[in-house]
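[1] have a look; sequence and predicted model below, questions after that.
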Amino acid sequence: MSKERKFMDKVWLFFKGLSMGAANKVPGVSGGTVAFVLDFYEELIYSFKKVNLNAIKLLFSGRFKSFYQYTNATFLFLVMGGSMFSYFSISIVLDYLIQNYELYVWSAFFGMILGSIYYIGKDFNDFSAKNIISIIIGVIIGVSISLMSPAKENDNLWFVFFCGIIGVSGMTLPGLSGSFILILVGNYVLLLVDSVNMLYKTIIDIFSGNFDFIQDVVRMRYLKIVAVFTGGSAFGLVVTSHILGYVLKRWHQIVTAVIIGFIMGSLGIVWPWKREIYKTENGKLLYDFNGDEVIENYQRYLPDVTMQETWIAVIFILLGVGLLLVLDQYSKRTKTS
C-alpha cells in the first residue's frame, strides 16, 4: 500500500470519528449506527476490548511499542480524536442547524437512519424464528425508550459517573442514542451543553494565559463534572466493548437482528414532525446555561402535505437515504480495490 493511500485512509478514519462524535451529541442519533454504516464498528469494539490487563502489563513494563500495536492505538487515536474534535467543531455547527433548521436536520437524520436499516439489513439473510423474534424484541425496546419521560437533573458525581457509562452506550450500541438516554435521565443539558461550554471557555482561558477560573466556584464545579463524566465514559467504553466483543463472537446473527430491530424502533425518536414540550417547575419554564428552555419531551404529529416545508423535508429524507446508498457503493469499491 502506497504512503498516499495510507495517509488518505487515516484522514478517512479521522472523518469517521468526526461523524460518530457529532452523531453521539444529537439526541436520537446513535454514533454506533454511524460506526456500523461506515464499516468500522467491529474493529472499534475489538480495539476497545484490547484495553485489558495484558495492555496494562505492557504499558507498565515499558514496552510502549508492543502496547501501541496490541491496543490498535493508531485506529483508536484517529477515531476518538475525531470524535472529541467534533464536540468543539461539527457539533457546534449541528447545534446551530438544529436551532435554525430543525425540521430539515431531523428529516436528514430520519433518512440516514432509514438508509442505515437497509445498509445493515441487506446482508442479513437468516430469517429464522429466533432472529425474527430478536428483531421484534429490538423494535419493542427501541419504541419503549422513545416513549419514556425524562427525569430531573442530578449533579451527584456518582450519578454523573453512571451517566458517563450509559451516555457512551450510543458509541457501542447501534440504534441506542446516548444523548437521548441522557435526556431521559435528566442530565443532557448539564453534561453535553453547560459542562461542554464551560470546558470550552476554560480551554480558551488557558491558551490566553488567564487562570482566574480556578477561583470560580461554578466553573470548577462544571470542570469536576466533566472529569467524572469523562471517567465514566472511558470505563463504559472498555466494559461494554468487552461484553459486546463476547456476544458478537458467539451470537453474531442474533445481535445483528436485535440491532436492526432496535434501529427500526428508534425511528420514532428522530421523527421530523414533532413539537417540544418544555420543563416547568411551579408553573414556570426552566432554562439552561445558555438561556434556552429545557426540553422535557416531544409531541409527534403527521405532516401537513399542503405545506411547502413538508416537501422540502421529504427531499432531505431522500438525501439522507441517498447518502447511505453512496456510502454503500464506496464501501463496496474499497473492499474490491
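    Noted; the coordinates are in hand.

[2] list the buried residues of the helix or strand where Ala257 lies.
    Here Ala257, judged by DSSP states H and E, is contained in helix 252-265. For helix 252-265, burial by neighbour count (16 or more other CB atoms under 10 Å) applies to 254-265. Bear in mind the C-beta positions are built from the backbone N, C-alpha and C, glycine included.

[3] got it, and stretch 67-80?
    Going by neighbour count (16+ other CB under 10 Å), the buried part of stretch 67-80 is 67-68, 70-73, 75-80.

[4] check stretch 144-164 too.
    145-146, 150, 153, 155, 159-164.

[5] follow-up on the earlier one: and which of the buried residues of helix 252-265 is nearest Gly138?
    Gly261 (2.4 Å; CB to CB).

[6] need phi/psi at Leu248.
    With angles defined as degrees, to the nearest 10, Leu248 sits at phi -60, psi -40.

[7] nearest residue to it other than its sequence neighbours?
    In this structure, Leu248 finds its nearest non-sequential neighbour in Val255, 5.6 Å apart by CB to CB, 6 or more residues apart in numbering.

[8] quick check, the one you found in contact with Lys249.
    No: Val255 lies out of contact with Lys249 (CB atoms under 8 Å); the separation is 9.6 Å.

[9] re the thing from before, lowest pLDDT pick from the buried residues of stretch 144-164?
    Minimum pLDDT for the buried residues of stretch 144-164 is recorded at Pro150 (62).

[10] quick one: which of the buried residues of stretch 144-164 sit in helices?
    145-146, 159-164 (DSSP state H).

[11] nearest to Gly115, of these?
    Ser146 (19.2 Å).

[12] quick one: residues contacting that closest one.
    Ser146 makes contacts with 180, 265-266, 268-269, as judged by CB atoms under 8 Å, 6 or more residues apart in numbering.

[13] return the member of the buried residues of helix 252-265 nearest to Ala35.
    Taking the buried residues of helix 252-265 together and measuring to Ala35 by CB to CB, the closest member is Ile259, at 11.3 Å.

[14] how far away is that closest one from Thr306?
    According to CB to CB, to the nearest Å, Ile259 stands 37 Å off from Thr306.

[15] where does the stretch 51-200 of the chain have low pLDDT?
    For the stretch 51-200 of the chain, residues meeting the criterion pLDDT under 70 lie at 87-88, 90-92, 94-95, 123, 149-152, 170, 174-176, 180, 183-184.
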